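Asker: Just need the structure, nothing else, for what follows:
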Amino acid sequence: MPSDATQEDAPGPLRVATLAANLGAPIQPGGQVLAGTSTTLVVKAQVPVSQVRLVRAGDAVSVTMPDGYTMEPGVVGDVSPVAVTAPADRASNEPTVAVTVTLDHLSTPGGPRPATDTGNLDLAPVQVNVSRASAQGALAPFSVPPAA
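Answerer: Numbers count the residues shown, from 1 in each chain. Reported below is the predicted structural model:
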């Protein structure tokens, strides 16, 4: 590497998100060649401030993938301490807090992909269900309408 070249080491494997340089084009000192992202698959959700009390780092979640059927297990990794104003195009103007969810087995490099592989999608709508507690064999109360 020439003495005037610079290099930034990635903290681990990365996924090339964009290429900023053209093949064969000269690169200026400090010029960007590419942009990378983590290979860990995450879900970034905006949770309304009124519901953020229900979510904590370490909570187990299930993520319904874009097909609407496949469920993937995960865990809440981070709950931001900062609330932001909702974008103008949202139905509710309630401020939101960013929550990051890591998908368990999908985050292992070379690990299995879901049955509904999202392919080259960088963004896809998913539904996140948070589980704070569960019980095996529990009976849920219900009512039966009286016989006519």
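Asker: SS state for residue 50?
Answerer: helix (DSSP: H, G, I helix; E, B strand; the rest coil).
Asker: In contact with it, which residues are there?
Answerer: residue 94 (Cβ atoms under 8 Å, 6 or more residues apart in numbering). Every C-beta, even on glycine, is put in place using the N, C-alpha and C of the backbone.
Asker: please redo it, this time with the cut-off set to 6 Å
Answerer: Contacts for residue 50 (Cβ atoms under 6 Å, 6 or more residues apart in numbering) come out as none.
Asker: Start at 561, not 1
Answerer: Right, with 561 as the first residue, what we last looked at is residue 610.
Asker: And it, how far from residue 685?
Answerer: Per Cβ to Cβ, to the nearest Å, residue 610 is found 22 Å from residue 685.
Asker: Counting by contacts, list what the longest strand along the chain packs against.
Answerer: Looking across the chain with DSSP state E, the single longest strand is strand 631-644. Applying 3 or more Cβ pairs under 6 Å, 6 or more residues apart in numbering; DSSP states H and E, we find strand 631-644 packed against strand 620-624, strand 656-663.
Asker: Parallel or antiparallel, which strands does the shortest one pair with?
Answerer: Strand partners for strand 620-624, identified by DSSP bridges, are recorded as strand 631-644 (antiparallel), strand 687-691 (antiparallel).
Asker: So for the last one, mean pLDDT?
Answerer: Which is strand 687-691. Averaging pLDDT along strand 687-691 gives 85.
Asker: One more: stretch 663-671?
Answerer: Stretch 663-671 comes out at a mean pLDDT of 56.
Asker: do the same with stretch 625-643
Answerer: 84.
Asker: So for that stretch, what gets flagged as buried?
Answerer: 625, 632, 634, 636-637, 639 (16 or more other Cβ atoms under 10 Å).
Asker: What lies in contact with it?
Answerer: Surrounding stretch 625-643, the residues in contact under the criterion Cβ under 6 Å, 6+ apart are 609, 615, 617, 619, 621-624, 655, 657-664, 674-676, 684.
Asker: likewise stretch 588-606?
Answerer: Contacts of stretch 588-606 (Cβ under 6 Å, 6+ apart): 564, 573-581, 623, 656, 659-663, 666-667, 669, 686, 688.
Asker: Noted, bye for now.
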